[in-house]
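Q: Sharing a model that was predicted from the sequence below.
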Amino acid sequence: MPPMSRRPPRGGRLVLPALTALLAACAGFGPAPDAATGPRTRDALVMQLGPPALRWPESDGGERLAFPTGPMGVHTWMARVDTTGRVLTVENVLVPARFAEIQPGMGQDEVLRTLGPPQPNWTIYYKARDELVWEWRFCDDFQEPARFDVLFDGTSGRVRSTLAQPERLSNPWGRGGRRDWCSR
């Protein structure tokens, strides 16, 4: 029987640095921001999530801020901040309950205020149907990556309908194969 080698397996020296780099890359998307226990000011929230993609003034003088994590992220954090810069609420708006708020006839700004910005690379206009489609990535109720689409009338900019489906259904190799699961 050959003697046991004490050398690590080939490539074994790269595992720890690669794992460390992967975890460091994910650190920016750490735990969900929470107005009760997380950043308590607009500045602290921006330090944690980066600059907001969109912001809207609120009637009380505060503002609403949208922080999408896409294109492969599955959250858009929507924060409400008061006039002093204090964070009042932070919530992930890419959830089925929010999708249910999107109704036919709504305008594009109403959809943006509800869900935040769609993925720009996944926005498409279908000339033959005069239809504009916006798309978001989210985790469905089964913790599977899924896509939510809002279909607008291209002329009026009003919602025609919506569609949600798991990503695995659009897999070009069929429904089998590897399944990516979301984590909480």
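A: Cool, got the structure.

Q: Helices along the chain, start to end?
A: Counting by DSSP state H, the chain forms helices over residues 12-27, 42-49, 96-99, 108-115, given from the N-terminal end onward.

Q: In CSV, list the C-alpha atoms belonging to the last one.
A: In this case it means helix 108-115. Below are the C-alpha coordinates for helix 108-115, written out as CSV (Å, rounded to 0.1, in the frame of the first residue of the first chain):
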residue,chain,number,x,y,z
GLN,A,108,-45.9,53.7,-15.1
ASP,A,109,-45.1,56.1,-12.2
GLU,A,110,-47.6,54.3,-10.0
VAL,A,111,-45.9,51.0,-10.8
LEU,A,112,-42.5,52.5,-10.1
ARG,A,113,-43.6,53.8,-6.7
THR,A,114,-45.0,50.4,-5.8
LEU,A,115,-42.2,48.1,-7.1
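
Q: oh, and call the first residue 34 from now on, that's how I've got it
A: Will do, 34 is the new start, and the previous item becomes helix 141-148.

Q: Off-centre distance for that helix?
A: On the basis of Cα atoms, centre = their mean, to the nearest Å, helix 141-148 sits 15 Å off its chain's mean C-alpha point.

Q: average pLDDT for it?
A: Confidence over helix 141-148 (mean pLDDT, whole number) is 97.

Q: got the contact list for that helix?
A: 87, 89, 97, 99, 109, 126-127, 131-132, 134-135, 167, 169, 181, 183, 185, 190, 192 (Cβ atoms under 8 Å, 6 or more residues apart in numbering). Any C-beta I mention is one placed from the backbone N, CA and C, and that applies to glycine too.
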